[in-house]
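In: Pasted the sequence and its predicted model underneath.
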Amino acid sequence: MPDLIVPIVIIAALVVFAVMSTVRVVPQARRYNVERFGRFRTTLQPGLNFIIPMVDRINTRLDIREQVFSSRPQPVITQDNLVVNIDTVLYYQITDPRAAAYEVANYLQAIDQLTVTTLRNVIGSMDLERTLTSREEINMQLRTVLDEATGKWGIRVNRVEIKAIDPPPTIKEAMEKQMRAERDKRAAILHAEGERQSRILTAEGARQQAILEAQGDQQAAILRADGEAKAVERVFQAVHTNNADPKVLAYKYLETLPEIAGGENNTFWVIPGELTQAVRTVTDAFTGGTKDGTGVAPTPPQSETGDTESTQDEEGTPALTSGAPSLDAMSAAEQAREEAEAAVNQAKADAEAATQGKMSAEEPGES
């Protein structure tokens, strides 16, 4: 019995080894290609699988999940003879494990080389500017060519992306200058546009202000003219309706004369020739002079004795009877003349005061 223990142990070990060699557990998203006597037999699916030990063997283990392959930067010549370095990224997936294992020796290297050649063909038909602005077009062309070529390898290219396009340093410097010039141009345009809008708004405001001021001045002038017209009309009606005495008119004339001379913008004034007539009229009013304006009272009729004497009219009003003017008449005339001169002097003083006031008002503005 002890002699049988060793063979039993060996047989048990062989059985365990045979069972372990027969069972194959395939993880999820994995595929195993099985060969029998060097020939492809089947592809093991995920889960528990059985093979014949010493007859079948697993040739390749493949991952069918989507893979990412980043190629090294490749120098590519553009249509305008500029060398740019392009870095690409591929997203691919194994769809046929048998083809991926037996149709191509190294599918990663094959995809890399195919990507480089396809990229050179695509970029070679574009200039640098189009290359920099047509990434989507380049991606689509690369994906189309690679998907068609890798389909027979059991690989599907899901997406191709260009990570970077690096132009030569001189080109990069020129591009930076161009971009800086574009930014300066946009800034200058925006600044000019803002200044233009500001000036338009300022001019519009000034125009509105001028219009409103002109309308205000117009209304004020109309109202002022209406008032003056009504005042003149009333004065005219009062004079012609009441048959004003010339003495009153002469007195009002002298009363108005200082106001004419005292205007704000008057730098000199002119005494009209009618002033003499007005003074004479006032003088006649105080002296009872003749209507012809001579200032000499008519000679009264002499008495039978030939002496000159004072007489009274029918109303009892004393009248001069001598041929020469009396002292009272001379005093009244002198008083009227002095009043006229005083009015004229007052008008001159008012005019000078108005002129000095205007000059004083202009001096602070000039300083």
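Out: That came through fine.

In: Distance from the chain centre to the one helix or strand Lys172 maps to, please.
Out: Per DSSP states H and E, Lys172 falls inside helix 169-242. Relative to the mean C-alpha coordinate of its chain, helix 169-242 is positioned 17 Å out (C-alpha atoms, centre = their mean, to the nearest Å).

In: One more: stretch 130-140?
Out: Relative to the chain's own centre, stretch 130-140 is displaced by 37 Å; criterion: C-alpha atoms, centre = their mean.

In: Please spell out which residues along that stretch are buried.
Out: 131, 138-139 (16 or more other C-beta atoms under 10 Å). Every C-beta, even on glycine, is put in place using the N, C-alpha and C of the backbone.

In: just for the chain, where's the confidence low?
Out: Low-confidence regions of the chain, defined by pLDDT under 70, span residues 1-2, 244-247, 257, 260-330, 333, 358, 361-367.

In: Next one: the most centrally placed residue in it relative to Glu204, how far apart?
Out: For the chain, Gly194 is the residue whose C-alpha lies nearest the centre (C-alpha atoms, centre = their mean; 3.7 Å). Per C-beta to C-beta, to the nearest Å, Gly194 is found 16 Å from Glu204.

In: Span of stretch 39-52 from start to end?
Out: End-to-end span of stretch 39-52 (C-alpha to C-alpha, to the nearest Å): 14 Å.

In: Now do the helices in the protein.
Out: Here the chain has its helices, by DSSP state H, at 2-22, 97-102, 107-124, 128-133, 135-150, 169-242, 246-261, 274-287, 327-366.

In: List the buried residues for the first one?
Out: When neighbours are counted by 16+ other C-beta under 10 Å, no buried residue of helix 2-22 is found.

In: now swap in stretch 85-96 and tell me
Out: Those would be 86, 88, 90, 92, 94, 96, for stretch 85-96 by 16+ other C-beta under 10 Å.

In: So which residues make contact with that stretch?
Out: 31, 62-76, 100, 111, 115, 119, 123, 142, 146, 150, 154-166 (C-beta atoms under 8 Å, 6 or more residues apart in numbering).

In: which of those residues are buried?
Out: When the contacts of stretch 85-96 are checked for burial by 16+ other C-beta under 10 Å, the buried set is 31, 62, 64, 71, 74, 76, 100, 111, 115, 119, 123, 142, 146, 150, 154-157, 160-162, 165.
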